[in-house]
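Everything below, folded, please.
(one chain, ligands or ions: 1)
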Amino acid sequence: MKNIDQIFNLACPASPIYYQKDPISTLKTCFHGTENILDLAAEKNARILHTSTSEVYGDPQVHPQPESYWGYVNPFGARSCYDEGKRVAEALCYAYQAKYQGMEIRIARIFNTYGPRMSYSDGRVVSSFIGDALAGKEIKITGDGTATRSFQYITDCVEGLYRLMNSDYALPVNIGNPGEFTIREFADIVVDMIAEIGKPRVPIIYLPRPSDDPNTRQPDITRAKEVLDWEPTVALKEGLKNTVEWHLKQSI
Ligand SMILES: O=C(O)[C@H]1O[C@H](OP(=O)(O)OP(=O)(O)OC[C@H]2O[C@@H](n3ccc(=O)[nH]c3=O)[C@H](O)[C@@H]2O)[C@H](O)[C@@H](O)[C@@H]1O
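The predicted structure follows:
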């Protein structure tokens, strides 16, 4: 590799069922993967954008979550390989920045992002609900449906990452959509949307809640608005419509 100006570090399993399958591998990806990228960035004098996550806030006790919040994370729970892995990756980025004076670090904390090309088997809630509803299967809420998430459409996320990479802002920035829904509300939206396209109306069932599943999550995007002049533009129903269309094409 000759000249490299910018490196986006996006590598890591992100679905809870996958990152928990091999926690040591997830931790190594977060630490050694980021270390390898940082070494390359230092050698090539390249700017690096590391994709962190809302999961660094754990099960947040502050709502919505600003970047100044340090989080509430179980260090040895089922999710810790990802939560703590992503936290140590941020620490590593700033340790490199301190060691290599002038090294350019950008940190995006991405909140629940969805869209076309996220496979049915991914395990995360948006593609699972859409895939099941389209297949005429029951939608499975894990928990009692009162947990909340704030869903961001992929094109908004990409625009946010692009602006952050090309900004001069070196502290973490939340990239997410503040529109917050309970999982039950979200399930109802998906069931209605699938019924509207003429498919059967599927039932909703409840399964046990995964351990350490965060109760709430909503980004405070004041910083992104100020430093990137960015905010999401795609409403949930519009993004879901595009996502449903993509899933429909896969099953043809
Ligand atoms: O996007 C984020 O900010 C982070 O959070 C996600 O974790 P989580 O929010 O738990 O994502 P899902 O697995 O989609 O779960 C969202 C909620 O829906 C529930 N859920 C999930 C899947 C399902 O089939 N049914 C269901 O009710 C979960 O229990 C949870 O309360 C993932 O860890 C990462 O993609 C990411 O870093």
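
outside of stretch 11-21, which residues touch it?
With contact meaning Cβ atoms under 8 Å, 6 or more residues apart in numbering, stretch 11-21 is reached by 26, 29-30, 33, 51, 53, 78-79, 81-82, 85-86, 122-124, 210. C-beta here means a position set from N, CA and C on the backbone, and glycine is covered the same way.

Apply 10 Å and report the result again.
The contact list for stretch 11-21, computed with Cβ atoms under 10 Å, 6 or more residues apart in numbering, reads 22, 25-27, 29-30, 33-34, 36-37, 51-53, 55, 78-83, 85-86, 89, 110, 112-113, 118-119, 121-125, 127-128, 142, 210-213.

among those, which are in reach of the ligand?
Within the set of these, contact with the ligand (Cβ under 6 Å from any ligand atom) is found for 53, 55, 82, 110, 112, 113, 124, 125, 128, 142, 210, 213.

Can you tell me the closest non-neighbouring residue to the second one?
Leaving out its chain neighbours, the residue that sits closest to residue 55 by Cβ to Cβ, 6 or more residues apart in numbering is residue 83, at 4.7 Å.

ok, now the fourth one?
Nearest non-adjacent residue to residue 110, counting by Cβ to Cβ, 6+ apart: residue 175, 5.1 Å away.

so what does whichever helix in the chain runs longest touch, helix or strand wise?
Longest helix in the chain, counting residues (DSSP state H): helix 80-99. In terms of contacts (3 or more Cβ pairs under 10 Å, 6 or more residues apart in numbering; DSSP states H and E), helix 80-99 is packed against helix 16-19, helix 23-28, helix 34-44, strand 47-53, strand 105-110.

List the buried residues in the third one.
It refers to helix 34-44. For helix 34-44, the neighbour count (16 or more other Cβ atoms under 10 Å) marks 34, 35, 37, 38, 41 as buried.
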